[in-house]
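# Build me a model:
(one chain, ligands or ions: 2)
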Amino acid sequence: MLTCWLISKDGNHEPLQLPHYQTVSMGRGPETTIKDKKCSRHQVDLKADCNKGYVKVKQLGANPTFVDSVEVGKGIEVKMEPGQQLHIVNRLYPYTVQFKEDLSGETPPAKRPRESPSWEAADCKAASNVKVAKQANHTLSSGRESATSTNVSWLGSLAEVLELTALEKPGIWSNGLKATMQDPKMQVYKDDKVVVIKDKYPKARYHWLVLPWESIPNMKALRVEEHCDLLRHMQQVGQRMVTQCKDAPALRFRSGYHAIPSMSHIHLHVISQDFDSPALKNKKHWNSFTTDYFIDSQDVIQMLEKTGKVTVKEGTSELLKLPLRCHVCHEKLATIPSLKKHLKTHISV
Ligand code: AMP
Ligand code: ZN
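Numbers count the residues shown, from 1 in each chain. Ligands and ions are numbered 1, 2, ... in the order given. All right, here's what the predicted structure looks like:
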């Protein structure tokens, strides 16, 4: 099954998933960041058909919604396909839709649709395209190395081993990190093995991504002989980012990987645990950093050393649907705003 994504062409927020055959209401509000009063809170209804590869767009608001240059009209429903452009209201706020392979790992590989040859070819090309920084450029002083305790309990009880796939079509949004990491303006640290960029949609006050120059699509592609040292180096660089951070003494940090990443090219998240950020908008964001969906760097390295590969447990994607719980005191909160208010009680600065 493919998944459908709604992509803001202005880059105002991360792609939003449109679940198969579910009506999603869109308009003015924090999810889209649209503040324009001409846009209704329920400007459009969107319903993706992942089998047929289109999205039905129904205009609900009084002001016009456009698909390409055609005005939809209030109460009217039209089809929108990849390549077409949706303007939520008045030829403003452009969006496109993309369908891509489900990366949740929940579908056994045998039942998956065959990837097209062009995807495979593109991936092989990327894999052979190993980029090395021209010059080692150590801009940060080394500091104390990580001493976080290791929790490997989840390793022991692996159920069915699932494949992670990150075969990506060139040019689609999930390849965005590959472009950003090459942009000198976005690089906050680099050496001959890795580069560090700031997360474009930070989920906390400090949120960096450490990426290797070597093209490694995902954790499934990791090999013990080739990559253990690289992962250790990525962790050390992440730790140095923390050490040089002026607020580090007042904040707690974690570094780790999403079990099922949305973006291609392996990346280590280094993130402060305040989660004080407007880009943290929904339950999926929260649970991806505060449940076992987030796997500590040390655990990934240890798993690779012990088993020769990195796998995730069946049902991991379900963790994103868990109720909201404070990661410090485990109190249950009903909504993201109430969670954010609660989090303030744990932040001292
Ligand atoms: P993951 O779920 O582990 O694949 O997380 C991908 C991360 O990349 C998210 O935290 C996004 O906010 C971030 N991100 C998405 N696009 C970009 C980009 N073009 N540049 C930098 N960070 C990005
Ligand atoms: Zn709490």
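# does the closest residue to ligand 1 within the stretch 1-150 of the chain sit in a helix, a strand or a coil?
With C-beta to the nearest ligand atom as the measure, residue 14 is the residue of the stretch 1-150 of the chain nearest to ligand 1, at 5.6 Å. Where C-beta positions appear, they are placed from N, C-alpha and C, glycine not excepted. With DSSP: H, G, I helix; E, B strand; the rest coil as the basis, residue 14 sits in coil.
# Not counting its neighbours along the chain, what's nearest it?
Spatial nearest neighbour of residue 14, chain neighbours left out: residue 201 (5.1 Å); criterion: C-beta to C-beta, 6 or more residues apart in numbering.
# What about the one you found, how many residues nearby?
15 (other C-beta atoms under 10 Å).
# Quick check: it touching residue 12?
No: contact criterion C-beta atoms under 8 Å: residue 201 and residue 12 do not qualify, at 9.9 Å.
# moving C-terminal of the helix or strand hosting residue 197, what's the next helix or strand?
Element membership for residue 197 (DSSP states H and E) is strand 194-198. Counting by DSSP H and E, the next helix or strand C-terminal to strand 194-198 is strand 207-212.
# Could you export that following strand as PDB, CA atoms only?
What follows is strand 207-212, C-alpha atoms only, in PDB (Å, rounded to 0.1, in the frame of the first residue of the first chain):
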ATOM      1  CA  HIS A 207      17.500  19.700  17.500                       C
ATOM      2  CA  TRP A 208      20.400  18.700  15.200                       C
ATOM      3  CA  LEU A 209      20.700  15.900  12.700                       C
ATOM      4  CA  VAL A 210      24.100  14.200  12.200                       C
ATOM      5  CA  LEU A 211      24.400  12.600   8.800                       C
ATOM      6  CA  PRO A 212      27.300  10.600   7.200                       C
END
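# sorry, back to before: give me the pLDDT for the residue of the stretch 1-150 of the chain closest to ligand 1.
Looking at residue 14, its pLDDT stands at 86.
# close enough to count as contact, it and residue 203?
No: the pair residue 14 / residue 203 is not scored as a contact, 10.1 Å apart, by C-beta under 8 Å.
# Does stretch 221-237 reach ligand 1?
No: counting by C-beta under 6 Å from any ligand atom, ligand 1 is not contacted by stretch 221-237; separation bottoms out at 13.5 Å.
# Just the helices from the stretch 1-150 of the chain, written as ranges.
All helices of the stretch 1-150 of the chain, identified by DSSP state H, counting those that start in this stretch, fall at 117-128.
# so where is it shaky, pLDDT-wise?
103-150 (pLDDT under 70).
# just checking, residue 48 touches residue 97?
Yes: counting by C-beta under 8 Å, residue 48 touches residue 97, with 7.4 Å between them.
# Much appreciated, bye for now.
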